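# based on what follows, work out the 3D shape:
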Amino acid sequence: MRNTAVFKYLFVAITFWSTVIFRPLKAQNSPTLEEIKKVHKGELAIYLKKSESIAIDIVHDSVIVTADNYAEMLHLSDNSNIFAEKTIYESKFVEISDIEAKTLSTNAKGKFETTKVTHFNTQNDMGGSIFFDDSKSINFVFPNIKEGSKSILKYKETIREPRFLNAYFFAEHIGVIESEYQVTFSSKIKIKYEVFGMDKNQLEFTETKKGNIIIYQWKAKNLKGFRIENGSPNIRYYAPHIIIYVDEAEIKGQQKRYLSNVPVLYDFLNSFVKDVNLKDDPAIQKVVDSLTYGLKDDATKTKNIFYWVQDHIRYIAFEDGYGGFIPREASAVFQKRYGDCKDMASILTFMLKYANIPAYLTWIGSRHIPYTFDKNPSPSSANHMIATAKINGVYVYLDATGIYTRYGFPTDMIQGKQCLMAVNDKDFNKEIVPEIAPEKNARYDSIAISILGNTVFGKGKVGLDGYSKLDLVHPLIAKNATKEKEVLVGYLEKGNNKFFLENYAIKDLADRDKPLQMEYAFKVEDYAKKIQNEIYINLNLDKHLQHAQLDTATRQLPVERDYKYNDKFIVVMEIPVGYQLNYVPENVTYQNDLFGFSINYTVKNNTITLSRRITINTLLVEKPAFKAWNEMVSALSKAYKEVVVLKK
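Numbering: from 1, shown residues only. This next block holds a predicted model:
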């Protein structure tokens, strides 16, 4: 994912401070600590009150937004000091002021004592892959956090660009007793909003008019917190939240449109890119000519250019105010040989146009966010940029930040996402990036084994294609021999913990266009069991998904997968001299539209073959499919326990 600073403000971070409020809500018959602990058993803390109040106003000839934030957290355990450390972010778009933070804790007499936070540490925020980031983090620690104490935070935000409003989350990682979001704006301003993660009817909504002032208010009570579960998608997919955006405003008698719909959003986004790459660059043209010389096939030309950018332009993220939206000139990227996603898209489209191939800068949201431009026509629907080429009437999505991604494949993080292509100053296209089919991400592992004593000796062949190949390419590239073998042992391990990888040879690791191929030899000690005149052996040396059961009693969130795939595992065992088959397990099959498997046994001459196929045909296993998923895993696990019996 693209962890850039601009999107710290477009998407509210899921932390204590992220969507906090501006003023206490009046409480009546407030529950006691023990009553709250009983209702929220096992919770470390709970928001008593949480709200945000924003004011949208016209100042001179601009729309200015201020947000007053307030949060009051009750700590239900001494272990809740994990919530003591807080961070607030600011940047050229968002100014933070009037911070007040304090802890209310009980003394020996049971009365509250107030301890204010006096030290706020402001520093440049350089997180993840960010090389330059204009954002700053304000860090502080609430003192004296213990069971029964309250931490209270207030602060103000001034948002200079009204198109960059945050989402408000009514509930997050811990529960909320009262949550409120309020928007106050002039009648000369029109706003729109979308609710995500819950039905609008679950919110108490009121609209109040006072002269030329309009107030929208949403309230929610007694919301549960959301646990981050293993493999779950981003919290934006399921947490209740709201996004508002300014539709239009009357400024000096003229209507100015901000984010009315997708065409208006496109005009705004295109304003950042329309003046980029207007000058020729002979040095870049020379490279393009060398990459396309003698070629008549546009697909091959595009592939050569795409691979050149992957190989020669290093991905490094930059953020600096509006620079987070403006791609750098292709000439600058070419000279420096590094850039962020926008810069890579810039040089790709520039080079492709020298090859007379239609190519467009393209905004897109990664799978980290659930929004579409149609439903949420705001910059918060995009956190990434790619290039799109049109080859023989078909769009090809080119994301050079995926350094080893094959031509014709999008990076896995943008599969299924809506994108917005900049065709020209007036025209754009909206398309859905395809999800790559399972058969294009095939995994193949075929082994031939024999038994000597209790040890299984084997030789294998592996084939990995598409995204499945990238699972090994990333950890193997640039590894030394020792580290390489460690990675392969972890990937190839079979049977038990006495698996030994004796030798291996890898082919086409760095060739993006070919599947990775590998031949290897191994042994597994103490695997076959000899009892008197019988040998017992489980041919399921690989037990993929054996422990993939979902706890339907506690699991609430979907399970996200990086990509769809087919997995094929074949075992051919030579029947030892003097033995014959006494028991062969039955074949097993389970299949639906989303996932399935089959295990088949065949006997031919002096060999028995197990052939297992697993297909995952979805990127998201949602709660209605949990039962079917567990049925598949149960059937698979049961089949994995079956053994072949040989008898003299």
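# am I right that Ser380 is in a helix?
Yes. Assessed with DSSP: H, G, I helix; E, B strand; the rest coil, Ser380 lies in a helix.
# I figured it hits His241, correct?
No. Here Ser380 does not reach His241: they are 10.9 Å apart, not a contact under CB atoms under 8 Å. Placement of C-beta: from N, CA and C, glycine included.
# overlap of the contact sets of the two?
Listed contacts common to Ser380 and His241 are Ala167; contacts here mean CB atoms under 8 Å, 6 or more residues apart in numbering.
# how far away is the most centrally placed residue in the chain from Asn234?
With distances taken as CA atoms, centre = their mean, the residue of the chain nearest its centroid is His368 (3.5 Å). In this structure, His368 and Asn234 are 5 Å apart, going by CB to CB, to the nearest Å.
# same deal with Asn497?
Distance from Asn497 to Asn234, by CB to CB: 35 Å.
# ok, what's across the strand from Ser186?
Ile213 (DSSP bridges).
# show me the contacts for His368.
Met1, Asn234, Arg236, Asn383, Met413.
# which of those residues has the most neighbours?
The most crowded member of the contacts of His368, judged by other CB atoms under 10 Å, is Asn383 (22 neighbours).
# what are the bridge partners for Lys150, then?
Going by DSSP bridges, Lys150 forms beta bridges with Leu74, Leu104.
# dump the residue contacts of it.
Per CB under 8 Å, 6+ apart, neighbours of Lys150: Leu48, Glu72, Met73, Leu74, His75, Thr103, Leu104, Ser105, Phe112.
# need the buried ones from those selected in ChimeraX.
Restricted to buried positions by 16 or more other CB atoms under 10 Å, the ChimeraX selection for the contacts of Lys150 reads:
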select :48,72,73,74,75,103,104,105
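# give the buried residues for stretch 470-481.
Leu470, Asp471, Leu472, Val473, Pro475, Leu476.
# give me the below-cutoff pLDDT ranges for the stretch 201-350 of the chain.
For the stretch 201-350 of the chain, the stretches with pLDDT under 70 are 318-324.
# the chain too?
Ranges of the chain meeting pLDDT under 70: 1-30, 125-134, 318-324.
# let me see the domain layout of it.
What automatic domain parsing lists as the domains of the chain is 6-260, 270-432, 438-647.
# comparing the ones you listed, which comes out most buried?
domain 270-432 (a mean of 19; mean count of other CB atoms under 10 Å).
# span of that domain from start to end?
19 Å (CA to CA, to the nearest Å).
# ditto for stretch 358-368
29 Å.
# quickly find the element holding Ile58.
strand 45-59 (DSSP states H and E).
# check the offset of that strand from the chain's centre.
Distance, stretch centre to chain centre, for strand 45-59: 27 Å (CA atoms, centre = their mean, to the nearest Å).
# which elements pack onto that strand?
strand 62-75, strand 176-186, strand 189-196, strand 241-251 (3 or more CB pairs under 8 Å, 6 or more residues apart in numbering; DSSP states H and E).
# pairing partners for that strand, with directions?
Going by DSSP bridges, the partners of strand 45-59 are strand 62-75 (antiparallel), strand 176-186 (parallel).
# please tabulate the ones you listed in JSON lines, including the columns distance to Tyr258.
Below are these laid out as JSON lines (distance: least, CB to CB, whole Å):
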{"stretch": "strand 62-75", "distance to Tyr258": "7"}
{"stretch": "strand 176-186", "distance to Tyr258": "12"}
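# for Gly294, which of these is the nearest?
Comparing the strands paired with strand 45-59 against Gly294 with CB to CB, the closest turns out to be strand 62-75 (55.1 Å).
# next secondary structure after the closest one?
strand 85-90.
# just the endpoints, please. Distance across stretch 472-491?
Length of stretch 472-491, first residue to last, CA to CA: 8 Å.
# show me what contacts the residue nearest to Ile432 when sequence neighbours are not counted?
In this structure, Ile432 finds its nearest non-sequential neighbour in Gln418, 5.6 Å apart by CB to CB, 6 or more residues apart in numbering. Neighbouring residues of Gln418 by CB under 8 Å, 6+ apart: Ile364, Gly365, Thr372, Phe373, Asp374, Ser381, Lys430, Glu431, Ile432, Val433.
# which strands and helices sit next to the helix or strand containing Asn304?
Assigning secondary structure by DSSP H and E places Asn304 in helix 298-312. If you count contacts as 3+ CB pairs under 8 Å, 6+ apart, helix 298-312 packs onto helix 282-292, helix 341-354, strand 384-391, strand 394-398.
# Asp61 is nearest to which of those?
The nearest among those, by CB to CB, is helix 341-354 at 28.8 Å.
# need the contacts of Lys150 in CSV (columns: distance to Asn144).
Listed next are the contacts of Lys150 as CSV, based on distance: CB to CB, whole Å:
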residue, distance to Asn144
Leu48, 17
Glu72, 16
Met73, 13
Leu74, 14
His75, 10
Thr103, 5
Leu104, 9
Ser105, 5
Phe112, 11
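# for Ile364, see how far away the residue nearest to Lys342 when sequence neighbours are not counted is.
Closest residue to Lys342 apart from its sequence neighbours, by CB to CB, 6+ apart: Pro327 at 3.9 Å. Pro327 sits 14 Å away from Ile364, going by CB to CB.
# now swap in Lys523 and tell me
As for Lys523, its distance to Ile364 is 48 Å (criterion: CB to CB).
# and Glu502, by the same measure?
46 Å.
# could you do Ala389 as well?
15 Å.
# okay, and the residue nearest to Val117 when sequence neighbours are not counted sits in which element?
Nearest non-adjacent residue to Val117, counting by CB to CB, 6+ apart: Ala101, 3.9 Å away. Assessed by DSSP H and E, Ala101 sits inside strand 94-106.
# show me the contact partners of that strand.
9, 86, 88-90, 112-117, 120, 138, 140, 142-146, 148-160, 164.
# so what are the sheet partners of the following helix or strand past that strand and their directions?
Beyond strand 94-106 in the direction of the C-terminus, DSSP H and E gives the next helix or strand as strand 112-116. In the sheet, strand 112-116 lines up against strand 94-106 (antiparallel) (DSSP bridges).
# ok and the partner strand relative to strand 85-90, angle-wise?
Orientation check (axes from the mean of the first three to the mean of the last three CA atoms, to 10 degrees): strand 94-106 against strand 85-90 gives 160 degrees.
# from the buried residues of stretch 470-481, which single one is nearest Val559?
For the buried residues of stretch 470-481, the nearest to Val559 is Asp471 (17.7 Å; CB to CB).
# thought that closest one was touching Leu464?
Yes. The criterion here is CB under 8 Å, and Asp471 meets it with Leu464 at 7.2 Å.
# would you map the helices across the stretch 401-550 of the chain?
For the stretch 401-550 of the chain, applying DSSP state H, counting those that start in this stretch gives helices covering 466-476, 481-492.
# looking at these, which is nearest to Ile58?
Per CB to CB, nearest to Ile58 of those: helix 466-476, 49.2 Å.
# and the closest one, how far from the chain's centre?
With CA atoms, centre = their mean, you get 18 Å for helix 466-476.
# now the angle from it to helix 481-492?
Using the same axes, to 10 degrees: helix 466-476 against helix 481-492 is 150 degrees.
# which residues touch helix 466-476?
Under the criterion CB under 8 Å, 6+ apart, residues 404-406, 409, 412, 436, 440-443, 464, 484, 487-488, 491, 506, 509-510, 515-516, 562-563, 565 lie in contact with helix 466-476.
# tell me which of those fall in strands.
Arg443, Leu464, Ile506, Leu516, Tyr565 (DSSP state E).
# identify, from the residues you listed, the entry nearest to Asn587.
When those are ranked by distance to Asn587 (CB to CB), Arg443 comes first, at 21.0 Å.
# for that closest one, give its distance to Leu492.
According to CB to CB, Arg443 and Leu492 sit 12 Å apart.
# likewise Tyr583?
Taken as CB to CB, the span from Tyr583 to Leu492 is 28 Å.
# same deal with Thr206?
Here the criterion is CB to CB. By it, Thr206 lies 62 Å from Leu492.
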